[in-house]
Structure formats: C-alpha cells, structure tokens
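Asks: no sequence for this one, just the structure:
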C-alpha cells in the first residue's frame, strides 16, 4: 500500500504548562518502487523532503532482500535526486523480493546536528523466470552439465517440485 502525504509540527509545553516555541513543519517522504516488467531492473522513486531550515544534505537508499531482518545501505544520492534503478540480475537465484526505504539526512542545522526523516517501506517482487527443456534424450549428455532440469530465477526453490512422466503416466 502506498503512503499518504502528511505535514506536521509539534507544540511544546514546559512543566508549568507554558507554551514554548513550535517546531518547524515536517513532511513525510513517499517512496514508490516497481519491478521491471520483463526487465531485470527495479525502479525506485521518492518525494523530496523540503521542510528543514538548511535543507537535505543527502538521501540514503536502503534495501532488504526477501525475509532478511535488517535493511542495509544500498547507495547515497544528492539532495536533488529523487529516483534510482537497481539491477536485479545478481539476485537471480533468490525468490526475487526487494524492499526499499529512503532516509533524508538534514544538512547541519543551527544547533550543530542533523535530523533524519525516513520514508515508507515499499516492496516489489520480480516475476519468476523459468525455462524448461522440451526434449529428453536418454543416453546423450543433456545440454546443462549433463543434468535435465529447468533453469530459472526469482523462484522459491524450496517449494518447487517437478515430475517427469512418460506417456503412460
């Protein structure tokens, strides 16, 4: 599900219930991603974060594969970049699920620190690719290392099952 855009700010009250200065207005980052539709590429796009006093220093793109527990930093982009592409082919032997998150890092502000704002998490799954031999030769060596088997990627091989039957079943 895609996220909804929202803006926010905080009002702060001290222990005597006196109102303190409000925070700046914040705005979330919306990330969208898509699998390549026949191409072995994932596309990632995000909205810019615009509410910090000194602006965005950089965007950090994080990825989690399949059921990995943690995100890892994939790449860093300049403050004017709002899209990326990832080649999925190196992950051909996985189930093909990719989850992405983008973090905006604030340029150092007047207080000498930088905040981070994170986007929603968006997951995409590459379509399975499968090639099945259409001929079996009993005695000669089969084309792939002498083993008759389908070739493919982005498939959960733990749940894969194949049966070869003769014309009598």
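Replies: Here it is on my side, so go on. None of the values given here were measured: they were computed from a predicted structure.

Asks: CA atoms for contacts and neighbours, from now on please.
Replies: Will do.

Asks: middle-most residue in the protein, spatially?
Replies: residue 100 (2.4 Å; CA atoms, centre = their mean).

Asks: any idea of the mean pLDDT for the helix or strand hosting that residue?
Replies: Element membership of residue 100 [criterion: DSSP states H and E] is strand 97-106. Strand 97-106 shows a mean pLDDT of 96.

Asks: Quick one: residues contacting residue 74.
Replies: Shown in contact with residue 74 (CA atoms under 8 Å, 6 or more residues apart in numbering): 60-63.

Asks: Without its sequence neighbours, what residue ends up closest to the residue nearest to the centre of the chain?
Replies: Ranked by CA to CA, 6 or more residues apart in numbering and with sequence neighbours excluded, the top spatial neighbour of residue 100 is residue 63, at 4.6 Å.

Asks: Can you list the strands that the helix or strand hosting that neighbour pairs with?
Replies: If you go by DSSP H and E, residue 63 is part of strand 56-65. Strand pairing for strand 56-65, using DSSP bridges, gives strand 72-78 (antiparallel), strand 97-106 (antiparallel).

Asks: how far out from the middle of the chain is that strand?
Replies: 10 Å (CA atoms, centre = their mean, to the nearest Å).

Asks: repeat for stretch 120-135
Replies: Mean-position distance between stretch 120-135 and its chain equals 16 Å (CA atoms, centre = their mean).

Asks: Looking at the contacts of residue 74, which is nearest residue 113?
Replies: Proximity of those to residue 113 (CA to CA) peaks at residue 60, which lies at 17.3 Å.

Asks: Could you check how many residues crowd around that closest one?
Replies: 17 (other CA atoms under 10 Å).
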